[in-house]
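Colleague: Everything below, folded, please.
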Amino acid sequence: MKDKVIAIHQPNFLPWLGYFYKMVHCDIFVFLDDVQYTKNSFINRNCIKTDQGAYWLTVPVKYEFGKGINEICIIDSNWKTKHLRTLKQYYKKAKYFDEVFDLIEKCYRNNILNLSIFNVGIIWSILDYLKIKVNTTFSSDYNIIEKSTGRLIKLVESLKGTKYLSGFGGNNYQETDSFKNYNIDLIYSEFSHPTYAQLWGGDFIKNLSIIDILFNCGTDEVRRMLGIEASNGISATY
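Modeller: Residues are numbered from 1 along each chain as shown. The predicted structure follows:
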(Lines give C-alpha, C1' and ligand atoms only; values in the text may rest on other atoms or scores of the structure.)
Protein backbone atom coordinates (compact mmCIF):
# COMPACT_ATOMS: atom_id res chain seq x y z
CA MET A 1 0.00 0.00 0.00
CA LYS A 2 1.30 3.43 -0.94
CA ASP A 3 2.05 5.72 1.99
CA LYS A 4 -0.24 8.70 2.43
CA VAL A 5 1.44 11.72 4.01
CA ILE A 6 -0.63 14.23 5.98
CA ALA A 7 0.63 17.64 7.11
CA ILE A 8 -1.27 19.92 9.49
CA HIS A 9 -0.74 23.56 10.40
CA GLN A 10 -2.62 26.65 11.52
CA PRO A 11 -3.65 29.01 8.68
CA ASN A 12 -0.84 31.54 9.14
CA PHE A 13 -0.57 35.01 7.64
CA LEU A 14 1.82 35.19 4.66
CA PRO A 15 3.77 32.14 5.92
CA TRP A 16 7.49 31.50 5.55
CA LEU A 17 8.97 29.25 2.88
CA GLY A 18 9.11 26.20 5.19
CA TYR A 19 5.30 26.27 5.48
CA PHE A 20 4.98 25.87 1.72
CA TYR A 21 7.65 23.16 1.76
CA LYS A 22 5.38 21.08 4.01
CA MET A 23 2.46 21.71 1.66
CA VAL A 24 4.46 20.52 -1.33
CA HIS A 25 5.77 17.39 0.38
CA CYS A 26 2.51 15.92 1.62
CA ASP A 27 -0.50 14.29 0.00
CA ILE A 28 -3.08 16.28 1.99
CA PHE A 29 -2.50 19.51 3.90
CA VAL A 30 -4.91 20.32 6.72
CA PHE A 31 -5.52 23.90 7.81
CA LEU A 32 -5.83 23.59 11.59
CA ASP A 33 -8.46 26.28 11.84
CA ASP A 34 -10.57 25.21 14.85
CA VAL A 35 -7.93 25.30 17.60
CA GLN A 36 -7.57 28.20 20.02
CA TYR A 37 -6.20 31.39 18.54
CA THR A 38 -2.83 32.49 19.92
CA LYS A 39 -2.40 36.23 20.38
CA ASN A 40 0.52 37.93 18.60
CA SER A 41 1.58 34.80 16.71
CA PHE A 42 2.24 34.05 13.06
CA ILE A 43 -1.50 33.60 12.61
CA ASN A 44 -1.95 37.36 12.25
CA ARG A 45 1.54 38.69 11.57
CA ASN A 46 4.82 38.00 9.79
CA CYS A 47 8.14 39.67 9.01
CA ILE A 48 9.67 41.33 5.97
CA LYS A 49 13.13 42.91 5.60
CA THR A 50 13.68 46.69 5.70
CA ASP A 51 16.65 49.00 6.05
CA GLN A 52 16.26 48.55 9.82
CA GLY A 53 16.17 44.75 9.67
CA ALA A 54 13.14 42.53 10.25
CA TYR A 55 9.80 44.37 10.40
CA TRP A 56 6.42 42.98 11.43
CA LEU A 57 3.38 43.27 9.19
CA THR A 58 0.40 42.76 11.49
CA VAL A 59 -3.26 42.16 10.72
CA PRO A 60 -5.31 43.84 13.48
CA VAL A 61 -7.89 41.50 14.99
CA LYS A 62 -10.58 41.51 17.64
CA TYR A 63 -9.06 39.22 20.25
CA GLU A 64 -11.26 37.17 22.57
CA PHE A 65 -9.58 34.61 24.81
CA GLY A 66 -10.60 31.04 24.08
CA LYS A 67 -11.91 31.71 20.57
CA GLY A 68 -10.90 29.38 17.75
CA ILE A 69 -8.83 30.68 14.86
CA ASN A 70 -11.82 30.37 12.55
CA GLU A 71 -13.81 32.63 14.89
CA ILE A 72 -11.34 35.53 14.90
CA CYS A 73 -12.41 38.66 13.05
CA ILE A 74 -10.19 41.25 11.40
CA ILE A 75 -10.65 44.84 12.50
CA ASP A 76 -11.78 46.79 9.45
CA SER A 77 -9.34 49.71 9.36
CA ASN A 78 -6.76 51.18 6.99
CA TRP A 79 -4.18 48.47 7.76
CA LYS A 80 -4.24 47.15 4.18
CA THR A 81 -3.26 50.56 2.83
CA LYS A 82 -0.42 50.74 5.34
CA HIS A 83 0.81 47.25 4.44
CA LEU A 84 0.82 47.99 0.72
CA ARG A 85 2.59 51.29 1.27
CA THR A 86 5.23 49.51 3.38
CA LEU A 87 5.75 46.80 0.76
CA LYS A 88 6.11 49.40 -1.96
CA GLN A 89 8.60 51.38 0.12
CA TYR A 90 10.90 48.44 0.85
CA TYR A 91 10.54 46.24 -2.22
CA LYS A 92 9.99 48.62 -5.16
CA LYS A 93 13.54 47.94 -6.36
CA ALA A 94 13.15 44.16 -6.16
CA LYS A 95 13.41 42.28 -9.46
CA TYR A 96 9.91 40.80 -9.24
CA PHE A 97 8.20 43.69 -7.47
CA ASP A 98 5.48 44.41 -10.03
CA GLU A 99 4.04 40.90 -10.31
CA VAL A 100 4.27 40.04 -6.61
CA PHE A 101 2.88 43.38 -5.46
CA ASP A 102 -0.03 42.91 -7.88
CA LEU A 103 -0.65 39.47 -6.36
CA ILE A 104 -0.78 40.81 -2.79
CA GLU A 105 -2.82 43.85 -3.79
CA LYS A 106 -5.46 41.62 -5.40
CA CYS A 107 -5.68 39.52 -2.23
CA TYR A 108 -6.12 42.67 -0.17
CA ARG A 109 -9.00 43.94 -2.33
CA ASN A 110 -11.48 41.48 -0.85
CA ASN A 111 -13.68 42.42 2.09
CA ILE A 112 -13.15 39.21 4.06
CA LEU A 113 -13.13 39.88 7.80
CA ASN A 114 -12.61 36.29 8.98
CA LEU A 115 -8.87 35.93 9.67
CA SER A 116 -8.65 32.24 8.80
CA ILE A 117 -10.46 32.62 5.48
CA PHE A 118 -8.39 35.69 4.62
CA ASN A 119 -5.09 33.91 5.34
CA VAL A 120 -6.04 30.78 3.44
CA GLY A 121 -7.08 32.88 0.45
CA ILE A 122 -3.62 34.44 0.30
CA ILE A 123 -1.94 31.04 0.65
CA TRP A 124 -4.00 29.64 -2.22
CA SER A 125 -3.15 32.69 -4.36
CA ILE A 126 0.56 32.21 -3.71
CA LEU A 127 0.27 28.51 -4.63
CA ASP A 128 -1.44 29.50 -7.88
CA TYR A 129 1.29 32.06 -8.59
CA LEU A 130 3.93 29.37 -8.04
CA LYS A 131 1.97 26.91 -10.21
CA ILE A 132 1.73 24.46 -7.32
CA LYS A 133 -1.27 22.21 -6.76
CA VAL A 134 -1.98 20.92 -3.27
CA ASN A 135 -4.85 18.91 -1.76
CA THR A 136 -6.11 20.98 1.17
CA THR A 137 -8.84 20.61 3.74
CA PHE A 138 -9.89 22.15 7.07
CA SER A 139 -9.80 20.55 10.52
CA SER A 140 -13.15 22.18 11.32
CA ASP A 141 -14.78 19.87 8.76
CA TYR A 142 -14.12 16.75 10.84
CA ASN A 143 -15.84 17.43 14.19
CA ILE A 144 -12.90 16.14 16.23
CA ILE A 145 -13.09 16.63 20.00
CA GLU A 146 -9.62 15.40 20.95
CA LYS A 147 -6.96 17.96 21.87
CA SER A 148 -3.24 18.38 21.18
CA THR A 149 -1.54 15.24 19.81
CA GLY A 150 -4.81 13.30 19.93
CA ARG A 151 -6.36 15.82 17.57
CA LEU A 152 -3.53 15.42 15.07
CA ILE A 153 -3.81 11.64 15.19
CA LYS A 154 -7.57 11.71 14.65
CA LEU A 155 -7.14 14.02 11.66
CA VAL A 156 -4.55 11.72 10.10
CA GLU A 157 -6.83 8.73 10.74
CA SER A 158 -9.84 10.54 9.25
CA LEU A 159 -7.85 11.13 6.08
CA LYS A 160 -6.57 7.53 6.04
CA GLY A 161 -3.01 8.75 6.35
CA THR A 162 -0.06 6.50 7.12
CA LYS A 163 2.49 9.24 7.84
CA TYR A 164 2.31 12.56 9.66
CA LEU A 165 4.71 15.22 8.39
CA SER A 166 5.67 17.51 11.26
CA GLY A 167 7.64 20.73 11.37
CA PHE A 168 10.87 21.04 13.35
CA GLY A 169 9.19 22.42 16.47
CA GLY A 170 6.68 19.61 16.76
CA ASN A 171 9.09 17.54 18.82
CA ASN A 172 8.71 20.08 21.65
CA TYR A 173 5.01 19.40 22.28
CA GLN A 174 3.91 16.26 20.44
CA GLU A 175 3.56 12.93 22.24
CA THR A 176 5.72 11.05 19.75
CA ASP A 177 4.93 7.56 21.10
CA SER A 178 1.21 8.13 20.59
CA PHE A 179 1.65 8.09 16.81
CA LYS A 180 3.25 4.64 17.02
CA ASN A 181 0.27 3.37 19.01
CA TYR A 182 -1.96 4.23 16.05
CA ASN A 183 0.47 2.86 13.43
CA ILE A 184 1.20 6.35 12.12
CA ASP A 185 4.76 7.05 11.08
CA LEU A 186 5.88 10.42 12.48
CA ILE A 187 8.32 12.10 10.09
CA TYR A 188 9.90 15.55 10.19
CA SER A 189 10.32 18.15 7.49
CA GLU A 190 13.76 18.10 5.87
CA PHE A 191 13.51 21.75 4.87
CA SER A 192 16.75 23.71 5.07
CA HIS A 193 16.34 27.45 4.59
CA PRO A 194 18.24 28.65 1.49
CA THR A 195 20.13 31.90 1.25
CA TYR A 196 19.42 34.33 -1.56
CA ALA A 197 20.11 37.95 -2.48
CA GLN A 198 18.04 40.24 -0.22
CA LEU A 199 17.63 43.99 -0.43
CA TRP A 200 19.01 46.38 2.19
CA GLY A 201 22.37 44.66 2.70
CA GLY A 202 23.56 43.59 6.12
CA ASP A 203 23.25 40.04 7.40
CA PHE A 204 20.96 37.60 5.66
CA ILE A 205 17.65 37.24 7.54
CA LYS A 206 16.00 33.84 7.24
CA ASN A 207 12.49 32.69 8.12
CA LEU A 208 10.84 35.84 6.79
CA SER A 209 7.46 35.76 5.06
CA ILE A 210 7.62 34.02 1.69
CA ILE A 211 6.92 37.34 0.00
CA ASP A 212 10.51 38.44 0.68
CA ILE A 213 11.73 35.52 -1.43
CA LEU A 214 9.05 36.06 -4.06
CA PHE A 215 9.97 39.73 -4.49
CA ASN A 216 13.67 38.91 -4.78
CA CYS A 217 13.72 35.55 -6.56
CA GLY A 218 10.56 34.96 -8.59
CA THR A 219 8.57 31.84 -9.37
CA ASP A 220 11.14 29.50 -10.92
CA GLU A 221 13.75 29.99 -8.22
CA VAL A 222 11.24 29.56 -5.39
CA ARG A 223 9.94 26.36 -6.96
CA ARG A 224 13.51 25.07 -7.05
CA MET A 225 13.95 25.98 -3.38
CA LEU A 226 10.85 23.92 -2.61
CA GLY A 227 12.28 20.92 -4.43
CA ILE A 228 9.84 21.07 -7.33
CA GLU A 229 10.84 20.02 -10.83
CA ALA A 230 8.32 20.29 -13.65
CA SER A 231 5.37 19.26 -11.48
CA ASN A 232 4.79 17.85 -8.02
CA GLY A 233 2.01 15.63 -9.29
CA ILE A 234 -0.49 16.67 -6.63
CA SER A 235 -4.04 17.56 -7.63
CA ALA A 236 -5.65 20.73 -6.38
CA THR A 237 -8.80 20.62 -4.24
CA TYR A 238 -9.09 24.16 -2.94
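
Colleague: Please count neighbours and contacts with C-alpha atoms only from this point.
Modeller: OK.

Colleague: Show me which positions of the helix or strand of the chain with the lowest mean pLDDT end up buried.
Modeller: The helix or strand of the chain with the lowest confidence, counting by mean pLDDT, DSSP states H and E, is helix 176-181 at a mean of 90. The neighbour-count check on helix 176-181 (16 or more other CA atoms under 10 Å) flags Phe179 as buried.

Colleague: ok, and what's touching it?
Modeller: Helix 176-181 is contacted from outside by Thr149, Gly150, Ile153, Asp185, Leu186, using CA atoms under 8 Å, 6 or more residues apart in numbering.

Colleague: so after that helix, what's the next helix or strand?
Modeller: For helix 176-181, the following helix or strand on the C-terminal side (DSSP states H and E) is strand 185-188.

Colleague: neighbouring contacts of the helix or strand following that next one?
Modeller: Downstream of strand 185-188, the next assigned helix or strand under DSSP H and E is helix 210-225. Helix 210-225 has contacts (CA under 8 Å, 6+ apart) with 14-17, 48-49, 91, 94-97, 100, 129-130, 194, 196-199, 229.

Colleague: ditto for stretch 64-71
Modeller: Residues contacting stretch 64-71 (CA under 8 Å, 6+ apart): Asp33, Asp34, Val35, Gln36, Tyr37, Ile72, Asn114, Leu115, Ser116, Ile117.

Colleague: would TSV of the residues you listed with pLDDT, neighbour count and distance to Arg85 be doable?
Modeller: Shown next, in TSV, are the contacts of stretch 64-71 (pLDDT from 0 to 100; neighbours: other CA atoms under 10 Å; distance: CA to CA, whole Å):
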residue	pLDDT	neighbour count	distance to Arg85
Asp33	98	25	29
Asp34	96	19	32
Val35	96	18	32
Gln36	96	16	31
Tyr37	97	21	28
Ile72	98	20	25
Asn114	97	16	23
Leu115	98	26	21
Ser116	98	26	23
Ile117	98	18	23
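
Colleague: Just the buried ones out of the contacts of helix 210-225, please.
Modeller: 14-17, 48-49, 91, 94, 96-97, 100, 130, 198-199.

Colleague: of the residues you listed, closest to Val59?
Modeller: In terms of CA to CA, no member of those lies closer to Val59 than Leu14, at 10.5 Å.

Colleague: Let me know the distance separating that closest one from Ile43.
Modeller: For Leu14, the distance to Ile43 (CA to CA, to the nearest Å) stands at 9 Å.

Colleague: for Asp212, same thing?
Modeller: Distance of Asp212 to Ile43, given as CA to CA: 18 Å.

Colleague: Compare the two and say which is more crowded by neighbours.
Modeller: Taking neighbours as other CA atoms under 10 Å, Asp212 and Ile43 compare with Asp212 leading, 25 against 21.

Colleague: Against Ile75, how distant is the more buried one?
Modeller: Asp212 sits 25 Å away from Ile75, going by CA to CA.

Colleague: Next: Asp3.
Modeller: With the distance defined as CA to CA, Asp3 ends up 42 Å from Ile75.

Colleague: Same check on Asn114?
Modeller: Here Asn114 is placed at a distance of 9 Å from Ile75 (CA to CA).

Colleague: Then Val134?
Modeller: Here the criterion is CA to CA. By it, Val134 lies 30 Å from Ile75.

Colleague: Looking at these two, which one has more neighbours?
Modeller: Neighbours were counted for Val134 and for Ile75 using other CA under 10 Å; Val134 has more, 24 against 15.

Colleague: What pLDDT does the model give that one?
Modeller: In the prediction, the pLDDT value recorded for Val134 is 97.

Colleague: and Ala54, that one's in a strand?
Modeller: Yes - remark: Ala54 belongs to a strand, assigned using DSSP: H, G, I helix; E, B strand; the rest coil.
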